[in-house]
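Asks: Could you look at this predicted model? Sequence included:
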Amino acid sequence: MLLVNDHSGPVRTVLDEGGLRILVMSSIAFTTPDMAGNLIVTGSHGGTSAGEYARRHRVAAVACNDAGIGKDAAGTAGLAALDEDGIVGVAVGHDTARIGDGTDTWLCGVITYANVTALAAGIRPGRPLQVAFTELAGRWSQGGATAC
């Protein structure tokens with residue numbers, strides 16, 4: 001899969017727990033190698049290309065938009081594939097957060113999809129993303145097991 005290397009955009013840190021950060025951005029393409037091991041919140045769909053960006057930059061967790069799920073569950077397919085690498089992958093409902101808006105994903109998103117790794121980490125659909133990721137970061141920063 002072709003991944004673009006020259007994307008950049010605003011990235012905001014919304015939580016820093018002893019060096020473990022939750023970073024918010026509108027597009028998964030804004031991830032960089034220095035974000036490895038952190039929790040990423042994006043407005044991107046959770047399709048195959050989103051999973052490739054998360055894998056490439058070795059993030060610990062990623063939140064995307066389910067984009068209505070779509071044909072053959074294309075809106076979350078990339079998040080499901082992240083189980084192979086032990087990366088937490090979740091999606092928020094397209095009717096709870098605007099697609100392409102990372103801030104809205106963070107502030108308003110409600111989880112509709114969690115991969116097996118996310119479920120094992122205690123994340124459940126139906127919970128606000130902000131609450132779930134803040135709790136997860138707190139557990140991991142206190143020495144709890146991480147996804148990677």
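Replies: Yes, it's here.
Asks: remind me which residues of the protein are low pLDDT?
Replies: Within the chain, the stretches with pLDDT under 70 are 1-8, 144-148.
Asks: Could you pick out the longest helix of it?
Replies: Using DSSP state H to define each element, the chain has its longest helix at helix 129-141.
Asks: What helices and strands are in contact with that one?
Replies: Under the contact criterion of 3 or more C-beta pairs under 8 Å, 6 or more residues apart in numbering; DSSP states H and E, helix 129-141 touches strand 11-17, strand 20-25, strand 39-45, strand 61-65, strand 88-92, helix 102-108. (Each C-beta comes from the backbone N, C-alpha and C, glycine too.)
Asks: buried set for that helix?
Replies: Using 16 or more other C-beta atoms under 10 Å as the test for burial, helix 129-141 gives 129, 130, 132, 133, 136, 137, 140, 141.
Asks: Contacts for it next, please.
Replies: By C-beta atoms under 8 Å, 6 or more residues apart in numbering, the residues outside helix 129-141 that reach it are 15, 17-22, 39, 41, 60-61, 63, 88, 90, 92, 97, 105-107, 109-111, 121-124, 146.
Asks: what about 6 Å?
Replies: Contacts with helix 129-141, where a contact means C-beta atoms under 6 Å, 6 or more residues apart in numbering, come from 15, 17-18, 20, 22, 39, 63, 92, 106, 109, 111, 123, 146.
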